[in-house]
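Student: Return atomic coordinates for the entry below.
(2 chains)
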Number of protein chains: 2
Amino acid sequence: MRSFVLTIGSELTSGDKPNGNSVYLANRLTALGVPPLHIHSVPDDPLAIASVLKWALEECEIVVLTGGLGPTVDDVTREAVAASFGLPLIENEEIEAILADKIPHPTEGQFRQIRLPQGAHFYPPELGTAPGFKLEVDQKNIFVLPGVPEEMKKMFEDYIAPELKNFIGEPGLKYQTYKFCGIGEVVVEGKLKEIPEFAGLIVDYSILPHGMEVHLKISSDKESLAFLDEKVKEIFGDELFSIGDKTLAEVTGENLRNGRLTVSTVESCTGGLLAKMLTDAPGSSDYFTGSIVAYGNDVKGHLVNVSLEIIKEFGAVSSQCAEAMAGNGRQVLKTDLCLSITGIAGPSGGTEEKPVGLVWFGLADKDGVESDFVQFSGDRSGIRLRAAQTGLNILRLKAKT
Amino acid sequence: MRSFVLTIGSELTSGDKPNGNSVYLANRLTALGVPPLHIHSVPDDPLAIASVLKWALEECEIVVLTGGLGPTVDDVTREAVAASFGLPLIENEEIEAILADKIPHPTEGQFRQIRLPQGAHFYPPELGTAPGFKLEVDQKNIFVLPGVPEEMKKMFEDYIAPELKNFIGEPGLKYQTYKFCGIGEVVVEGKLKEIPEFAGLIVDYSILPHGMEVHLKISSDKESLAFLDEKVKEIFGDELFSIGDKTLAEVTGENLRNGRLTVSTVESCTGGLLAKMLTDAPGSSDYFTGSIVAYGNDVKGHLVNVSLEIIKEFGAVSSQCAEAMAGNGRQVLKTDLCLSITGIAGPSGGTEEKPVGLVWFGLADKDGVESDFVQFSGDRSGIRLRAAQTGLNILRLKAKT
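Tutor: Now for the predicted structure:
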């Protein structure tokens, strides 16, 4: 059984807003065992909504629709859904009672929200004021949810997901994500061939790069996935950083916390991005104390004590500078570990000897300082992202030992 | 005339990848005068592709399709498009010659890329190895492009956009984006009513929040937009930071560069995000020298000289601490301006007196230090984003004067 995701909103078809609701629903419906066959967006236009809705029912058993249930004039979904199937809209007393508590003096637009297509079953709004509803047409189910992401997610998890679970049962197909850092997608695919059982055990798999990370997603039954978990751990070792949802920053943070290590960074070309990533996780103050963004050479000099000689002789993008940044940074920031990043993010500033994308990393601990470089590809923001991910990965591996 | 955007890829319908190609094409097609009426995604599944393609031609004159043209087994778009219209695939000698230069020893999969549906016109690949093509069916145009974003964008801009311009002519309807910071969307909408000509001059408009920014997008003719530019400038003054595409960080950088001012930041709860944003723009070393991420109180003390008394008496989230961070930070980092941010990003750490979302900002210049606070809503990442945007906006306004 496959599902149809339909998101409604002129801001989606004009490209003014990325479609986070589609991504969320696609993920959840896949996990629940009704993966989308179609994902669709239309503007707040009753004719377009009617047109796609009829086609959707020809294609799929389950339609999940979001957006256009609000109180403003451009919210036309309720009326459009009813009109698509020739159903009258009927005022619902239960919804009226719920909304009366939330809005003592409703506007005409807010009052519209108490109406439902005839025969629909409603879902009460908890976070906003827009009720959702379910409509059964030709023995197929249309779930209609508000478009505000928090409201949509809450209503989906509170009502739709349990209903689907009940209806579909435990999905035979499970999905597991394996996350790697430090190897490319081609290497991941190649190494999977070292598991002779692989092809026979899986139903499907995909390998996608996310900057320096590679995510392998496998669909199979529960037992096969449990077997593969062990095999993947065995074959990939430290290149595997997570089975499941944890981010690279979260795993790095866990390793630091478990190792009772504190960390700081001294960043040039990443401009604070690595520090930002380390502090994305709540509770990061357990291991992260601070950073110096030494963007200009002056700051490298007077705050991190990188000598002018090093910068003159070897340049700011060099092993020597990276090691001085990490070593001195560790003293100045008073942490167990200090990671430094210095490179050329571009678009300009590259030379034949030191091209755009060349990034040096330094790592200092109580025993000394080491350094290494990577030549990244991509544009400025891609190089900065890959450099910060690489920095996280160096810290993850260091803290693990 | 409306267009249909169709993106193909199992990673899209499983929710494993946000659909950046759709957003890009929606924006560009809208600007070119053929706004999408439908945006659709299907997996790499020939039956699903055929089904949606036939329906798309019933709905729209122009279909722009991306993805599934690569050399691997799951790339089925070329074959699916040909099969949808009962067309044979024919090897194209011109493409063969182009690819022979790029791939001396093609694999079977790469060799498949030289085939085209009968009657199709091809677009040569410049960045990758997948040619695109155009197919005319029932006097409607289907443009088929590779799915790798860089390849797709280059081919769209080099070939499709000029063809559409030629075909459609100068679009009567133009789109202009006005970006604000420091006021909410309701205020923006309210203030527009101060332009009596507004309703009569526009064809359509939308107002969307992006964290602390509000983007107003107006569609109208060229002359009306020129008139509205002046009116919007007049009514909103400094709350308007850009007419067009420039980001808040870019405008802030321009103001700093024009004012010949250097800037640094001292960040606690944003953990380096403001520094990262300031350095997103190439050339930011003209005005940005560095930052201290003073996440732990120790670093606030020994690197930014915030006295223990301040933290004991008023706490790290206080006017006093924000002012000390900015004032001392300016000395330590040796810049004309220094902005500090200290607050409670959550999810824990809030109290009744200082709830999650409370953020203090300090700004130091040659004349002294001032501070102010904002109570933000949202989750941890939302609060951090809004705080960093607010910091940028403070710097933008300061550098403008």
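Student: just the helices in the stretch 1-150 of chain A please.
Tutor: For the stretch 1-150 of chain A, applying DSSP state H, counting those that start in this stretch gives helices covering A:10-13, A:20-32, A:46-59, A:77-84, A:93-102, A:108-112, A:149-155.
Student: typo on my end, the stretch 301-401 of chain A
Tutor: A:308-314, A:319-333, A:380-400.
Student: Just name the most buried of the ones you listed.
Tutor: Among those, judged by mean count of other CB atoms under 10 Å in any protein chain shown, the one packed with the most neighbours on average is helix A:319-333 (a mean of 24). All C-beta atoms are positioned from the backbone trio N, CA, C, and that covers glycine.
Student: how about the helix or strand of chain A with the lowest mean pLDDT against chain B, any contact?
Tutor: Least confident helix or strand, chain A: helix A:108-112 with a mean of 83, by mean pLDDT, DSSP states H and E. No: judged by CB under 8 Å from any CB of the partner chain, helix A:108-112 and chain B are separated, with a smallest distance of 14.0 Å.
Student: Keeping just the C-alphas, turn that helix into CSV.
Tutor: Taking C-alpha atoms only, helix A:108-112 is exported to CSV below (Å, rounded to 0.1, in the frame of the first residue of the first chain):
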residue,chain,number,x,y,z
GLU,A,108,-15.6,35.5,10.5
GLY,A,109,-12.5,33.7,9.3
GLN,A,110,-12.0,31.9,12.6
PHE,A,111,-15.7,31.0,12.6
ARG,A,112,-15.3,29.3,9.3
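Student: list the buried ones in that helix?
Tutor: The neighbour-count check on helix A:108-112 (16 or more other CB atoms under 10 Å in any protein chain shown) flags A:110, A:112 as buried.
Student: Check the offset of that helix from the chain's centre.
Tutor: The chain centroid and the centroid of helix A:108-112 are separated by 36 Å under CA atoms, centre = their mean, to the nearest Å.
Student: what's in contact with it?
Tutor: For helix A:108-112, contacts defined as CB atoms under 8 Å, 6 or more residues apart in numbering or on different chains pick out A:70, A:71, A:72, A:73, A:75, A:78, A:99, A:103, A:129.
Student: quick one: contacts for the residue nearest to residue A:183 when sequence neighbours are not counted?
Tutor: If you skip the residues right next to it in sequence, residue A:183 has residue A:239 as its closest partner in space, 5.1 Å away by CB to CB, 6 or more residues apart in numbering or on different chains. Residues in contact with residue A:239 (CB under 8 Å, 6+ apart) are A:180, A:181, A:182, A:183.
Student: Pick the one among the residues you listed closest to residue A:206.
Tutor: Checking those against residue A:206 by CB to CB gives residue A:180 as the nearest, at 13.5 Å.
Student: And that closest one, how far from residue A:376?
Tutor: If you measure residue A:180 against residue A:376 using CB to CB, to the nearest Å, the figure is 17 Å.
Student: Comparing these two, which residue is more hemmed in?
Tutor: Ranked by neighbour count (other CB atoms under 10 Å in any protein chain shown), residue A:180 and residue A:376 place residue A:180 first, with 26 against 23.
Student: In which helix or strand does the more buried one reside?
Tutor: Using DSSP states H and E, residue A:180 maps to strand A:174-181.
Student: Neighbouring strands - and their directions - for that strand?
Tutor: The strands beside strand A:174-181 in its sheet (DSSP bridges) come out as strand A:213-220 (antiparallel), strand A:240-243 (antiparallel).
Student: Tell me which residues of the helix or strand following it come out buried.
Tutor: Later in the chain than strand A:174-181, the nearest helix or strand by DSSP H and E is helix A:185-192. Buried residues in helix A:185-192, defined by neighbour count with 16+ other CB under 10 Å: A:188, A:191, A:192.
Student: Skip the chain neighbours and tell me the closest residue to the residue of the stretch 51-200 of chain A found nearest chain B.
Tutor: As assessed by CB to the nearest CB, chain B sits closest to residue A:55 within the stretch 51-200 of chain A, at 5.5 Å. Of all residues not flanking residue A:55 in the chain, residue B:55 sits nearest, at 5.5 Å (CB to CB, 6+ apart).
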